[in-house]
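Asks: Structural data only, the sequence is not supplied:
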(Lines give C-alpha, C1' and ligand atoms only; values in the text may rest on other atoms or scores of the structure.)
Protein backbone atom coordinates (compact mmCIF):
# COMPACT_ATOMS: atom_id res chain seq x y z
CA UNK A 1 0.00 0.00 0.00
CA UNK A 2 1.33 3.42 -0.98
CA UNK A 3 2.44 5.57 1.97
CA UNK A 4 2.12 9.35 2.36
CA UNK A 5 4.49 11.56 4.32
CA UNK A 6 2.92 13.45 7.22
CA UNK A 7 2.35 17.08 6.23
CA UNK A 8 2.41 18.31 9.84
CA UNK A 9 5.82 16.73 10.37
CA UNK A 10 7.17 18.32 7.17
CA UNK A 11 5.82 21.73 8.14
CA UNK A 12 7.32 21.44 11.64
CA UNK A 13 10.74 20.73 10.12
CA UNK A 14 10.61 23.43 7.43
CA UNK A 15 8.47 26.11 9.10
CA UNK A 16 8.88 25.45 12.84
CA UNK A 17 7.97 28.94 14.06
CA UNK A 18 5.05 29.53 11.73
CA UNK A 19 1.61 29.63 13.31
CA UNK A 20 -0.54 26.56 12.77
CA UNK A 21 -3.24 27.13 15.42
CA UNK A 22 -4.32 30.64 16.44
CA UNK A 23 -7.21 32.17 18.33
CA UNK A 24 -8.39 30.64 21.61
CA UNK A 25 -5.20 28.54 21.69
CA UNK A 26 -1.94 29.05 19.84
CA UNK A 27 0.58 26.56 18.46
CA UNK A 28 3.43 26.89 16.01
CA UNK A 29 3.92 23.97 13.65
CA UNK A 30 6.78 22.73 15.83
CA UNK A 31 4.75 23.03 19.03
CA UNK A 32 1.85 21.18 17.45
CA UNK A 33 4.13 18.43 16.17
CA UNK A 34 5.34 18.00 19.76
CA UNK A 35 1.76 17.86 21.03
CA UNK A 36 0.82 15.32 18.35
CA UNK A 37 3.77 13.08 19.18
CA UNK A 38 2.73 13.17 22.84
CA UNK A 39 -0.81 12.03 21.92
CA UNK A 40 0.60 9.45 19.52
CA UNK A 41 2.62 7.87 22.34
CA UNK A 42 -0.61 7.37 24.29
CA UNK A 43 -2.28 5.76 21.27
CA UNK A 44 0.43 3.10 20.97
CA UNK A 45 -1.68 0.76 23.13
CA UNK A 46 -4.11 0.33 20.20
CA UNK A 47 -3.63 -1.88 17.16
CA UNK A 48 -3.77 -0.71 13.52
CA UNK A 49 -7.30 -0.71 12.13
CA UNK A 50 -9.02 -0.19 15.50
CA UNK A 51 -11.50 2.63 15.99
CA UNK A 52 -11.22 5.42 18.54
CA UNK A 53 -14.05 7.88 19.12
CA UNK A 54 -13.92 11.46 20.36
CA UNK A 55 -16.65 13.67 21.77
CA UNK A 56 -14.14 16.22 23.07
CA UNK A 57 -15.04 19.81 22.19
CA UNK A 58 -11.44 21.08 22.44
CA UNK A 59 -10.47 21.55 18.76
CA UNK A 60 -6.69 21.60 19.30
CA UNK A 61 -6.79 18.26 21.07
CA UNK A 62 -9.05 16.70 18.45
CA UNK A 63 -6.78 17.82 15.61
CA UNK A 64 -3.73 16.37 17.39
CA UNK A 65 -5.68 13.18 18.09
CA UNK A 66 -6.70 12.88 14.43
CA UNK A 67 -3.15 13.27 13.10
CA UNK A 68 -1.68 11.00 15.77
CA UNK A 69 -4.29 8.33 15.01
CA UNK A 70 -3.55 8.50 11.28
CA UNK A 71 0.13 7.86 12.06
CA UNK A 72 -0.85 4.85 14.17
CA UNK A 73 -3.14 3.64 11.37
CA UNK A 74 -6.21 3.98 13.59
CA UNK A 75 -9.67 5.13 12.53
CA UNK A 76 -11.13 8.24 14.18
CA UNK A 77 -14.87 8.68 14.74
CA UNK A 78 -15.79 12.23 15.86
CA UNK A 79 -19.11 12.52 17.72
CA UNK A 80 -21.18 15.62 18.33
CA UNK A 81 -20.40 16.55 21.94
CA UNK A 82 -23.85 18.12 22.30
CA UNK A 83 -25.56 14.73 22.10
CA UNK A 84 -26.94 13.16 25.30
CA UNK A 85 -24.53 10.69 26.98
CA UNK A 86 -26.72 7.70 26.12
CA UNK A 87 -26.70 8.68 22.43
CA UNK A 88 -22.90 9.03 22.47
CA UNK A 89 -22.59 5.57 24.07
CA UNK A 90 -24.89 4.14 21.40
CA UNK A 91 -22.71 5.51 18.59
CA UNK A 92 -19.50 4.27 20.22
CA UNK A 93 -20.99 0.76 20.29
CA UNK A 94 -22.23 1.11 16.72
CA UNK A 95 -18.68 1.46 15.36
CA UNK A 96 -17.13 -0.96 17.87
CA UNK A 97 -14.75 1.74 19.14
CA UNK A 98 -12.05 0.52 21.54
CA UNK A 99 -11.88 3.85 23.33
CA UNK A 100 -13.48 7.26 23.54
CA UNK A 101 -11.77 10.56 24.30
CA UNK A 102 -14.20 12.89 26.06
CA UNK A 103 -11.70 15.33 27.56
CA UNK A 104 -8.57 16.96 26.20
CA UNK A 105 -5.11 15.79 27.19
CA UNK A 106 -3.00 18.83 28.04
CA UNK A 107 0.38 19.48 26.43
CA UNK A 108 3.16 18.13 28.65
CA UNK A 109 5.91 20.75 28.81
CA UNK A 110 8.43 18.01 29.69
CA UNK A 111 7.69 15.89 26.62
CA UNK A 112 10.59 15.73 24.14
CA UNK A 113 9.72 15.16 20.48
CA UNK A 114 11.74 12.94 18.18
CA UNK A 115 12.64 13.71 14.57
CA UNK A 116 14.64 10.59 13.79
CA UNK A 117 11.98 8.82 11.71
CA UNK A 118 9.49 10.68 9.52
CA UNK A 119 5.92 9.43 10.14
CA UNK A 120 3.90 8.14 7.20
CA UNK A 121 0.27 7.36 6.44
CA UNK A 122 -1.40 4.46 4.69
CA UNK A 123 -2.86 6.24 1.68
CA UNK A 124 -5.96 4.11 1.06
CA UNK A 125 -6.58 2.62 4.49
CA UNK A 126 -9.73 3.80 6.35
CA UNK A 127 -8.87 6.88 8.42
CA UNK A 128 -12.17 8.50 9.49
CA UNK A 129 -15.78 7.62 10.13
CA UNK A 130 -17.95 10.70 9.51
CA UNK A 131 -21.70 11.02 9.88
CA UNK A 132 -23.69 12.45 6.99
CA UNK A 133 -25.82 15.46 7.91
CA UNK A 134 -29.07 13.52 7.68
CA UNK A 135 -31.00 16.66 6.69
CA UNK A 136 -33.01 14.76 4.08
CA UNK A 137 -32.57 11.15 5.19
CA UNK A 138 -31.30 9.06 8.10
CA UNK A 139 -27.62 9.78 8.87
CA UNK A 140 -25.09 7.26 7.59
CA UNK A 141 -21.46 6.68 8.49
CA UNK A 142 -19.05 7.48 5.66
CA UNK A 143 -15.62 5.86 5.62
CA UNK A 144 -12.82 7.99 4.18
CA UNK A 145 -9.16 7.35 3.50
CA UNK A 146 -6.44 9.94 4.07
CA UNK A 147 -6.10 10.16 0.29
CA UNK A 148 -9.77 11.16 0.02
CA UNK A 149 -9.29 14.04 2.45
CA UNK A 150 -6.03 15.29 0.96
CA UNK A 151 -7.26 15.11 -2.65
CA UNK A 152 -10.27 17.24 -1.83
CA UNK A 153 -8.22 19.71 0.22
CA UNK A 154 -5.63 20.11 -2.53
CA UNK A 155 -8.30 20.83 -5.16
CA UNK A 156 -10.09 23.25 -2.84
CA UNK A 157 -6.90 25.19 -2.08
CA UNK A 158 -6.24 25.64 -5.79
CA UNK A 159 -9.70 27.06 -6.50
CA UNK A 160 -9.90 29.25 -3.38
CA UNK A 161 -6.30 30.47 -3.44
CA UNK A 162 -5.57 29.31 0.11
CA UNK A 163 -1.83 29.44 0.69
CA UNK A 164 0.98 30.10 3.13
CA UNK A 165 0.35 33.18 5.24
CA UNK A 166 -3.44 32.84 5.05
CA UNK A 167 -5.77 32.04 7.95
CA UNK A 168 -9.04 30.09 7.83
CA UNK A 169 -11.54 30.46 10.67
CA UNK A 170 -12.74 27.11 12.02
CA UNK A 171 -16.36 28.23 11.98
CA UNK A 172 -17.83 24.78 11.25
CA UNK A 173 -17.91 21.74 13.56
CA UNK A 174 -15.15 19.13 13.56
CA UNK A 175 -17.68 16.30 13.75
CA UNK A 176 -18.75 17.14 10.17
CA UNK A 177 -16.72 16.87 6.98
CA UNK A 178 -16.94 20.66 6.52
CA UNK A 179 -14.84 21.22 9.64
CA UNK A 180 -12.52 18.26 9.09
CA UNK A 181 -11.68 19.50 5.59
CA UNK A 182 -10.24 22.74 7.01
CA UNK A 183 -7.55 20.77 8.87
CA UNK A 184 -6.25 19.18 5.67
CA UNK A 185 -6.49 22.43 3.70
CA UNK A 186 -4.46 24.28 6.35
CA UNK A 187 -1.76 21.60 6.53
CA UNK A 188 -1.35 21.44 2.76
CA UNK A 189 -1.29 25.23 2.42
CA UNK A 190 1.16 25.64 5.33
CA UNK A 191 -1.41 28.12 6.60
CA UNK A 192 -3.07 28.92 9.93
CA UNK A 193 -6.27 27.42 11.31
CA UNK A 194 -7.95 29.96 13.57
CA UNK A 195 -10.05 28.68 16.46
CA UNK A 196 -13.31 30.57 16.92
CA UNK A 197 -14.64 32.39 19.96
CA UNK A 198 -18.38 32.65 20.54
CA UNK A 199 -18.46 35.81 18.42
CA UNK A 200 -17.41 35.61 14.77
CA UNK A 201 -17.50 39.40 14.44
CA UNK A 202 -14.95 39.65 17.25
CA UNK A 203 -12.79 37.03 15.54
CA UNK A 204 -12.85 38.98 12.28
CA UNK A 205 -11.74 42.08 14.14
CA UNK A 206 -8.96 40.48 16.18
CA UNK A 207 -7.56 37.60 14.09
CA UNK A 208 -5.75 37.47 10.73
CA UNK A 209 -8.58 35.77 8.88
CA UNK A 210 -8.46 35.58 5.09
CA UNK A 211 -10.90 32.71 4.46
CA UNK A 212 -14.28 32.05 6.04
CA UNK A 213 -16.74 29.16 5.62
CA UNK A 214 -20.37 29.81 6.48
CA UNK A 215 -23.95 28.73 5.94
CA UNK A 216 -26.89 31.03 5.18
CA UNK A 217 -27.71 31.81 8.81
CA UNK A 218 -24.11 32.75 9.64
CA UNK A 219 -23.72 34.97 6.58
CA UNK A 220 -27.02 36.70 7.23
CA UNK A 221 -25.86 37.72 10.69
CA UNK A 222 -22.44 38.88 9.48
CA UNK A 223 -23.94 41.04 6.73
CA UNK A 224 -25.26 43.34 9.47
CA UNK A 225 -21.67 44.61 9.63
CA UNK A 226 -20.27 44.09 6.11
CA UNK A 227 -17.09 46.12 6.81
CA UNK A 228 -15.78 43.08 8.69
CA UNK A 229 -16.14 40.95 5.56
CA UNK A 230 -14.57 43.37 3.08
CA UNK A 231 -10.91 42.35 3.73
CA UNK A 232 -11.55 38.61 3.27
CA UNK A 233 -10.06 36.87 0.24
CA UNK A 234 -12.79 34.21 0.26
CA UNK A 235 -16.23 33.77 1.85
CA UNK A 236 -17.38 30.22 1.14
CA UNK A 237 -21.15 29.72 1.34
CA UNK A 238 -22.44 26.15 1.48
CA UNK A 239 -24.33 23.58 3.53
CA UNK A 240 -27.61 24.05 1.65
CA UNK A 241 -29.09 25.97 -1.26
CA UNK A 242 -27.77 29.54 -1.12
CA UNK A 243 -30.10 32.37 -0.20
CA UNK A 244 -30.35 34.50 -3.35
CA UNK A 245 -30.97 37.59 -1.23
CA UNK A 246 -27.70 37.03 0.61
CA UNK A 247 -25.83 36.27 -2.62
CA UNK A 248 -27.12 39.45 -4.28
CA UNK A 249 -26.42 41.58 -1.22
CA UNK A 250 -22.86 40.22 -1.05
CA UNK A 251 -22.42 40.94 -4.75
CA UNK A 252 -23.65 44.52 -4.33
CA UNK A 253 -21.17 45.00 -1.47
CA UNK A 254 -18.30 43.65 -3.56
CA UNK A 255 -17.61 40.77 -1.18
CA UNK A 256 -15.53 37.77 -2.28
CA UNK A 257 -18.41 35.31 -1.98
CA UNK A 258 -18.11 31.83 -3.50
CA UNK A 259 -21.10 29.47 -3.50
CA UNK A 260 -20.17 25.81 -3.10
CA UNK A 261 -21.78 22.39 -3.54
CA UNK A 262 -20.38 19.37 -1.78
CA UNK A 263 -21.22 16.25 0.16
CA UNK A 264 -19.75 14.14 2.91
CA UNK A 265 -19.23 11.24 0.50
CA UNK A 266 -16.80 13.37 -1.57
CA UNK A 267 -14.86 14.60 1.49
CA UNK A 268 -16.38 18.10 1.11
CA UNK A 269 -16.37 20.29 -2.02
CA UNK A 270 -17.39 19.10 -5.49
CA UNK A 271 -18.04 22.36 -7.32
CA UNK A 272 -17.57 26.02 -6.42
CA UNK A 273 -18.50 29.28 -8.09
CA UNK A 274 -16.15 31.97 -9.19
CA UNK A 275 -16.30 35.14 -7.11
CA UNK A 276 -19.87 36.48 -6.69
CA UNK A 277 -21.18 34.03 -9.28
CA UNK A 278 -23.67 31.16 -9.15
CA UNK A 279 -22.23 28.90 -11.85
CA UNK A 280 -20.37 26.10 -10.10
CA UNK A 281 -17.04 25.04 -11.53
CA UNK A 282 -16.18 21.38 -10.86
CA UNK A 283 -13.03 20.81 -8.80
CA UNK A 284 -10.30 18.61 -10.23
CA UNK A 285 -10.79 16.02 -7.48
CA UNK A 286 -14.22 15.16 -8.87
CA UNK A 287 -15.83 13.90 -12.05
CA UNK A 288 -19.51 14.75 -12.51
CA UNK A 289 -22.19 13.26 -14.74
CA UNK A 290 -25.97 13.69 -15.00
CA UNK A 291 -28.04 10.52 -15.46
CA UNK A 292 -31.34 10.08 -17.35
CA UNK A 293 -33.28 11.10 -14.21
CA UNK A 294 -31.31 14.38 -13.98
CA UNK A 295 -29.51 13.00 -10.93
CA UNK A 296 -25.97 14.19 -10.19
CA UNK A 297 -23.41 11.36 -10.25
CA UNK A 298 -19.88 11.81 -8.88
CA UNK A 299 -16.64 9.87 -8.71
CA UNK A 300 -12.92 10.61 -8.46
CA UNK A 301 -10.03 10.37 -5.97
CA UNK A 302 -11.98 12.21 -3.24
CA UNK A 303 -14.87 9.70 -3.30
CA UNK A 304 -15.23 7.88 0.01
CA UNK A 305 -14.54 4.17 0.46
CA UNK A 306 -18.16 3.38 1.28
CA UNK A 307 -20.73 3.30 4.09
CA UNK A 308 -20.11 1.44 7.33
CA UNK A 309 -22.68 -1.30 7.91
CA UNK A 310 -22.37 -3.98 10.60
CA UNK A 311 -18.65 -3.35 10.89
CA UNK A 312 -18.02 -3.66 7.15
CA UNK A 313 -17.30 -1.01 4.53
CA UNK A 314 -19.82 -1.42 1.73
CA UNK A 315 -19.11 0.17 -1.64
CA UNK A 316 -21.90 2.54 -2.62
CA UNK A 317 -21.18 3.09 -6.29
CA UNK A 318 -23.06 1.72 -9.28
CA UNK A 319 -21.58 -0.79 -11.73
CA UNK A 320 -19.69 1.99 -13.54
CA UNK A 321 -18.12 3.36 -10.35
CA UNK A 322 -20.39 6.42 -10.01
CA UNK A 323 -21.92 7.51 -6.70
CA UNK A 324 -25.56 8.52 -7.02
CA UNK A 325 -25.90 11.68 -4.92
CA UNK A 326 -29.69 11.93 -4.81
CA UNK A 327 -29.33 15.55 -5.98
CA UNK A 328 -30.89 16.82 -9.20
CA UNK A 329 -28.87 19.06 -11.46
CA UNK A 330 -27.79 20.20 -14.89
CA UNK A 331 -24.32 20.13 -16.43
CA UNK A 332 -23.20 22.70 -19.00
CA UNK A 333 -19.63 22.07 -20.20
CA UNK A 334 -17.61 22.53 -17.00
CA UNK A 335 -20.35 24.19 -14.93
CA UNK A 336 -22.83 22.47 -12.63
CA UNK A 337 -26.25 23.75 -11.57
CA UNK A 338 -27.85 22.09 -8.53
CA UNK A 339 -31.65 22.09 -8.63
CA UNK A 340 -32.59 20.09 -5.53
CA UNK A 341 -32.90 16.69 -3.86
CA UNK A 342 -34.76 13.80 -5.49
CA UNK A 343 -36.11 12.72 -2.10
CA UNK A 344 -37.59 16.20 -1.49
CA UNK A 345 -39.79 15.94 -4.59
CA UNK A 346 -43.48 15.25 -3.92
CA UNK A 347 -46.71 14.98 -5.92
CA UNK A 348 -49.68 17.33 -5.51
CA UNK A 349 -52.80 16.47 -7.45
CA UNK A 350 -50.75 14.45 -9.93
CA UNK A 351 -48.16 17.22 -10.48
CA UNK A 352 -44.50 16.92 -9.49
CA UNK A 353 -43.25 19.60 -7.10
CA UNK A 354 -39.55 20.23 -6.45
CA UNK A 355 -39.46 22.29 -3.21
CA UNK A 356 -36.14 23.96 -4.04
CA UNK A 357 -37.70 25.67 -7.09
CA UNK A 358 -40.29 27.35 -4.84
CA UNK A 359 -37.69 28.13 -2.19
CA UNK A 360 -35.51 29.95 -4.71
CA UNK A 361 -38.43 32.16 -5.76
CA UNK A 362 -39.46 32.85 -2.16
CA UNK A 363 -35.90 34.00 -1.47
CA UNK A 364 -36.07 36.35 -4.45
CA UNK A 365 -38.88 38.20 -2.67
CA UNK A 366 -37.31 41.23 -0.91
CA UNK A 367 -38.87 40.62 2.52
CA UNK A 368 -37.88 36.93 2.84
CA UNK A 369 -34.32 35.94 3.79
CA UNK A 370 -34.69 32.15 4.01
CA UNK A 371 -37.31 29.56 3.06
CA UNK A 372 -37.89 25.81 3.29
CA UNK A 373 -40.83 24.19 1.49
CA UNK A 374 -42.19 20.80 2.57
CA UNK A 375 -45.11 18.55 1.65
CA UNK A 376 -48.20 18.87 3.86
CA UNK A 377 -50.68 15.96 3.68
CA UNK A 378 -53.98 16.88 2.01
CA UNK A 379 -57.15 14.72 1.69
CA UNK A 380 -57.89 15.73 -1.92
CA UNK A 381 -54.48 16.42 -3.54
CA UNK A 382 -52.34 13.98 -1.55
CA UNK A 383 -49.93 16.75 -0.57
CA UNK A 384 -49.74 20.53 -0.88
CA UNK A 385 -46.72 22.83 -0.45
CA UNK A 386 -46.20 24.49 2.93
CA UNK A 387 -43.46 27.07 3.47
CA UNK A 388 -41.38 27.85 6.53
CA UNK A 389 -39.95 31.34 6.10
CA UNK A 390 -37.71 33.88 7.77
CA UNK A 391 -39.35 37.20 6.96
CA UNK A 392 -38.67 40.85 7.73
CA UNK A 393 -41.05 42.86 9.91
CA UNK A 394 -42.76 44.53 6.93
CA UNK A 395 -43.59 41.18 5.30
CA UNK A 396 -46.94 41.29 3.48
CA UNK A 397 -48.59 37.97 2.60
CA UNK A 398 -50.87 39.53 0.00
CA UNK A 399 -48.08 41.06 -2.07
CA UNK A 400 -46.08 37.82 -1.80
CA UNK A 401 -49.06 35.92 -3.25
CA UNK A 402 -49.18 38.29 -6.25
CA UNK A 403 -45.44 37.92 -6.73
CA UNK A 404 -45.63 34.12 -6.77
CA UNK A 405 -48.69 34.07 -9.06
CA UNK A 406 -46.60 35.88 -11.67
CA UNK A 407 -43.87 33.23 -11.41
CA UNK A 408 -45.51 29.88 -10.59
CA UNK A 409 -48.56 27.77 -11.50
CA UNK A 410 -51.22 27.79 -8.82
CA UNK A 411 -50.49 24.27 -7.54
CA UNK A 412 -46.89 25.23 -6.66
CA UNK A 413 -47.82 28.26 -4.54
CA UNK A 414 -47.60 27.44 -0.80
CA UNK A 415 -50.96 27.19 0.94
CA UNK A 416 -49.49 27.62 4.43
CA UNK A 417 -46.74 29.86 5.83
CA UNK A 418 -45.02 29.20 9.15
CA UNK A 419 -42.04 30.88 10.85
CA UNK A 420 -38.67 29.23 10.23
CA UNK A 421 -36.84 28.85 13.53
CA UNK A 422 -33.83 26.66 14.24
CA UNK A 423 -30.83 26.64 16.56
CA UNK A 424 -28.52 24.46 14.47
CA UNK A 425 -26.28 25.71 11.63
CA UNK A 426 -28.97 24.90 9.08
CA UNK A 427 -32.64 23.87 9.28
CA UNK A 428 -33.56 20.18 9.36
CA UNK A 429 -36.08 19.45 6.63
CA UNK A 430 -37.15 16.18 8.28
CA UNK A 431 -38.23 17.99 11.46
CA UNK A 432 -40.11 20.61 9.49
CA UNK A 433 -41.98 17.87 7.62
CA UNK A 434 -43.05 16.35 10.93
CA UNK A 435 -44.43 19.71 12.09
CA UNK A 436 -46.84 19.97 9.16
CA UNK A 437 -47.76 16.28 9.29
CA UNK A 438 -48.94 16.43 12.90
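Replies: Okay, I see it. On a predicted model such as this, the values are computed, not experimentally measured, just so you know.

Asks: just for this structure, where's the confidence low?
Replies: Scanning the chain for pLDDT under 70 picks out the ranges 1, 134-138, 276-277.

Asks: and the residue nearest in space to the middle of the chain, what is it in contact with?
Replies: With distances taken as CA atoms, centre = their mean, residue 178 lies nearest the centre of the chain, 2.8 Å away. By CB atoms under 8 Å, 6 or more residues apart in numbering, the residues touching residue 178 are 172, 213, 238, 239, 262, 268. Any C-beta I mention is one placed from the backbone N, CA and C, and that applies to glycine too.

Asks: Quickly find the element holding it.
Replies: In this assignment (DSSP states H and E), residue 178 forms part of helix 177-189.

Asks: Top of the contacts of residue 178 by number of neighbours, please.
Replies: For those, the largest number of neighbours (other CB atoms under 10 Å) sits with residue 268, at 29 neighbours.

Asks: Can you give me the neighbour number for the residue nearest to that residue when sequence neighbours are not counted?
Replies: Leaving aside its chain neighbours, residue 268 sits nearest to residue 181 (3.9 Å; criterion: CB to CB, 6 or more residues apart in numbering). When neighbours are defined as other CB under 10 Å, residue 181 has 22 of them.

Asks: Repeat that for residue 394.
Replies: Counted with other CB under 10 Å, residue 394 comes out at 8.

Asks: picking up where we left off before, can you redo the contacts of residue 178 as TSV with secondary structure and distance to residue 391?
Replies: Output for the contacts of residue 178, formatted as TSV (DSSP: H, G, I helix; E, B strand; the rest coil; distance: CB to CB, whole Å):
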residue	secondary structure	distance to residue 391
172	coil	26
213	strand	26
238	coil	24
239	coil	21
262	strand	29
268	strand	32
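
Asks: of all these, which comes closest to residue 433?
Replies: residue 239 (18.8 Å; CB to CB).

Asks: buried residues in stretch 380-393?
Replies: Within stretch 380-393, the residues that count as buried by 16 or more other CB atoms under 10 Å are 383, 384, 385, 386, 387, 388, 389, 390, 391.

Asks: Return the subset of these lying in strands.
Replies: 383, 384, 385, 386, 387, 388, 389, 390, 391 (DSSP state E).

Asks: who's in contact with the third one?
Replies: So that's residue 385. 348, 353, 355, 358, 373, 374, 375, 376, 412, 413, 414, 415.

Asks: And for the residue nearest to it when sequence neighbours are not counted, the neighbour number?
Replies: Distances taken as CB to CB, 6+ apart place residue 414 nearest to residue 385, at 4.6 Å, with adjacent residues excluded. Counted with other CB under 10 Å, the neighbours of residue 414 add up to 24.

Asks: Go ahead and confirm residue 414 touches residue 358.
Replies: Yes. Counting by CB atoms under 8 Å, residue 414 does reach residue 358; the two are 6.8 Å apart.

Asks: Mind listing the shared neighbours of those two?
Replies: Listed as contacting both residue 414 and residue 358 by CB under 8 Å, 6+ apart are 373, 385, 387.

Asks: Give the phi and psi angles for residue 322, as a check.
Replies: With angles defined as degrees, to the nearest 10, residue 322 sits at phi -90, psi 140.

Asks: Can you classify the residue nearest to it when sequence neighbours are not counted by secondary structure?
Replies: Closest residue in space to residue 322, ignoring its immediate chain neighbours: residue 297 at 4.0 Å, by CB to CB, 6+ apart. At residue 297 the chain is in strand, as set by DSSP: H, G, I helix; E, B strand; the rest coil.

Asks: OK, contacts around residue 297?
Replies: 288, 289, 290, 291, 318, 322, 323, 324, 325.

Asks: which one of those residues is nearest residue 407?
Replies: So of those, ranked by how close each gets to residue 407 (CB to CB), first place is residue 290, at 25.1 Å.

Asks: Quick check: bridge partners of the closest residue to the closest one other than its chain neighbours?
Replies: Nearest non-adjacent residue to residue 290, counting by CB to CB, 6+ apart: residue 331, 4.9 Å away. On the basis of DSSP bridges, residue 331 takes part in beta bridges with residue 336.

Asks: Can you tell me how far residue 331 is from residue 323?
Replies: Note on residue 331: its distance to residue 323, by CB to CB, to the nearest Å, is 15 Å.

Asks: So between these two, which is more surrounded?
Replies: Each of residue 331 and residue 323 has its neighbours counted (other CB under 10 Å); residue 323 has more, 20 against 17.

Asks: From what I see, the more buried one and residue 316 are in contact.
Replies: Yes. At 6.1 Å, residue 323 counts as touching residue 316 under the criterion of CB under 8 Å.

Asks: Between those two, which contacts overlap?
Replies: Both residue 323 and residue 316 are contacted by residue 265, under the criterion CB under 8 Å, 6+ apart.

Asks: Apart from its neighbours in sequence, what residue is nearest residue 255?
Replies: Per CB to CB, 6+ apart, closest to residue 255 is residue 229, 5.3 Å.

Asks: follow-up on the earlier one: tell me the contacts of the residue nearest to residue 290?
Replies: 288, 289, 290, 337.

Asks: hang on, residue 143 in a strand?
Replies: Yes. Counting by three-state DSSP, one finds residue 143 located in a strand.

Asks: That one reaches residue 311, doesn't it?
Replies: No. Contact between residue 143 and residue 311 fails when scored by CB under 8 Å: they sit 11.1 Å apart.

Asks: Look at those two and report which has more neighbours.
Replies: Neighbours per residue (other CB under 10 Å) separate residue 143 from residue 311, with residue 143 holding more: 22 against 9.

Asks: beta partners for the more buried one?
Replies: residue 129, residue 306.

Asks: Return the residues in contact with it.
Replies: 75, 126, 128, 129, 304, 305, 306, 307, 308, 313 are the contacts of residue 143 under CB under 8 Å, 6+ apart.

Asks: Quick check: nearest residue in space to the most far-flung residue of the chain relative to its centre, chain neighbours excluded?
Replies: Ranked by distance from the centre of the chain (CA atoms, centre = their mean), the top residue is residue 380, with 39.4 Å. Of all residues beyond its chain neighbours, the one nearest residue 380 is residue 349 (7.6 Å), with distances taken as CB to CB, 6+ apart.
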